[in-house]
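Chemist: sequence first, then the predicted structure:
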Amino acid sequence: AQTVTQSQPEMSVQEAETVTLSCTYDTSENNYYLFWYKQPPSRQMILVIRQEAYKQQNATENRFSVNFQKAAKSFSLKISDSQLGDTAMYFCAFMLDYSGGGADGLTFGKGTHLIIQP
Amino acid sequence: DTAVSQTPKYLVTQMGNDKSIKCEQNLGHDTMYWYKQDSKKFLKIMFSYNNKELIINETVPNRFSPKSPDKAHLNLHINSLELGDSAVYFCASSQTGGNSGRASTDTQYFGPGTRLTVL
């Protein structure tokens, strides 16, 4: 079974700073997808970024980028120029891609509560 | 335009009651899911349907029964509610179905969640 570990339960940074959230995962498989989801106080789960394991290039989405290290099974999220609206729980998630095509849903880490201070 | 909607957003009920949570998606997606987020914010998949067919059925008490009347709707019915059922329940959908009776690898889009409180 796959596991996802987020070792930082909570982080706090000043507005405009850059912050990196860590995520490691454990799998013996080669084909999978990784995600970061954001959950603000509104409770809505919002996709931040998606990375395909077969792609060496790190995914980016505006101020959000990832550092995907497949050999180390590490998938960290970097938020540049952090804003007050970035305050939220951030969840790292793993999805296995079976060789016949298809998945078993998302496996989530326990989340990191990110607080952006004014 | 709400993509994935859930009703109700809040549900407070007594132990032993039966309740349902409804989910609808207007994205034209084929696959829908139910996830449970516990009091420690941990999210875990419960069920998935692909075009009305059950494809993921995690270890969940059989008091929980999903029903999919059509591919745009996935409801969750819970019998004999217990205190431990208190949680936030999220519905999600993804575009296509997977092969071999599995869910797809497409990105999942979540509804707003239903906070269930059992007293």
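Modeler: Structure received.
Chemist: in which helix or strand does the nearest residue to residue B:76 once chain neighbours are set aside reside?
Modeler: Computed as C-beta to C-beta, 6 or more residues apart in numbering or on different chains, the closest residue to residue B:76 that is not its neighbour in sequence is residue B:21, at 4.7 Å. The way it works is simple: take the backbone N, C-alpha and C, and place the C-beta from them, glycine included. Using DSSP states H and E, residue B:21 maps to strand B:19-25.
Chemist: which secondary structure elements does that strand contact?
Modeler: Where contact means 3 or more C-beta pairs under 8 Å, 6 or more residues apart in numbering or on different chains; DSSP states H and E, strand B:19-25 is packed against strand B:4-7, strand B:10-13, strand B:31-37, strand B:73-78, strand B:87-94, strand B:114-118.
Chemist: in the last one, what's buried?
Modeler: Using 16 or more other C-beta atoms under 10 Å in any protein chain shown as the burial criterion, the residues of strand B:114-118 that qualify are B:114-116, B:118.
Chemist: distance to chain A and pLDDT added to these, as CSV?
Modeler: Shown next, in CSV, are these (distance: C-beta to the nearest C-beta, whole Å; pLDDT from 0 to 100):
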residue, distance to chain A, pLDDT
B:114, 10, 97
B:115, 8, 97
B:116, 13, 97
B:118, 18, 97
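Chemist: next, the angle strand B:73-78 makes with the strand holding residue B:21.
Modeler: What separates the directions of strand B:19-25 and strand B:73-78 is an angle of 160 degrees, with axes from the mean of the first three to the mean of the last three C-alpha atoms, to 10 degrees.
Chemist: touching strand B:19-25 from outside, list them.
Modeler: Here strand B:19-25 makes contact (C-beta atoms under 8 Å, 6 or more residues apart in numbering or on different chains) with B:3-8, B:11, B:13, B:32, B:34, B:72-78, B:81, B:89, B:91, B:93, B:109, B:111, B:114, B:116.
Chemist: so which residues on chain A come close to chain B?
Modeler: Contact residues, chain A versus chain B (C-beta under 8 Å from any C-beta of the partner chain): A:33, A:35, A:37, A:39, A:42-47, A:50, A:89, A:91, A:95, A:97-98, A:100-108, A:110-111.
Chemist: and those, which of them are in helices?
Modeler: Among those, no residue falls in helices (DSSP state H).
Chemist: and stretch A:71-83, how far apart are its ends?
Modeler: Terminal residues of stretch A:71-83 lie 32 Å apart, using C-alpha to C-alpha, to the nearest Å.
Chemist: in it, what's buried?
Modeler: Residues A:73, A:75-77, A:79, A:82 are the ones in stretch A:71-83 that count as buried (16+ other C-beta under 10 Å).
Chemist: same thing with stretch A:17-35?
Modeler: Residues of stretch A:17-35 classed as buried by neighbour count (16+ other C-beta under 10 Å): A:19, A:21-25, A:27, A:32-35.
Chemist: avg pLDDT for it?
Modeler: Averaged across stretch A:17-35, pLDDT comes to 95.
Chemist: alpha carbons of that stretch, as PDB, please.
Modeler: What follows is stretch A:17-35, C-alpha atoms only, in PDB (Å, rounded to 0.1, in the frame of the first residue of the first chain):
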ATOM      1  CA  GLU A  17       8.000  35.400   1.700                       C
ATOM      2  CA  THR A  18       8.700  32.100  -0.100                       C
ATOM      3  CA  VAL A  19       7.700  28.900   1.700                       C
ATOM      4  CA  THR A  20       8.300  25.200   0.900                       C
ATOM      5  CA  LEU A  21       6.000  22.400   2.100                       C
ATOM      6  CA  SER A  22       7.500  18.900   2.200                       C
ATOM      7  CA  CYS A  23       5.900  15.700   1.100                       C
ATOM      8  CA  THR A  24       7.400  12.200   0.800                       C
ATOM      9  CA  TYR A  25       5.700   9.100  -0.400                       C
ATOM     10  CA  ASP A  26       6.300   5.400  -0.400                       C
ATOM     11  CA  THR A  27       5.600   3.200  -3.400                       C
ATOM     12  CA  SER A  28       7.300   0.400  -5.200                       C
ATOM     13  CA  GLU A  29       5.500   1.300  -8.400                       C
ATOM     14  CA  ASN A  30       6.800   3.400 -11.300                       C
ATOM     15  CA  ASN A  31       3.700   5.000 -12.800                       C
ATOM     16  CA  TYR A  32       1.800   7.400 -10.600                       C
ATOM     17  CA  TYR A  33       0.600  10.900 -10.200                       C
ATOM     18  CA  LEU A  34       1.100  13.400  -7.400                       C
ATOM     19  CA  PHE A  35      -1.000  16.300  -6.400                       C
END
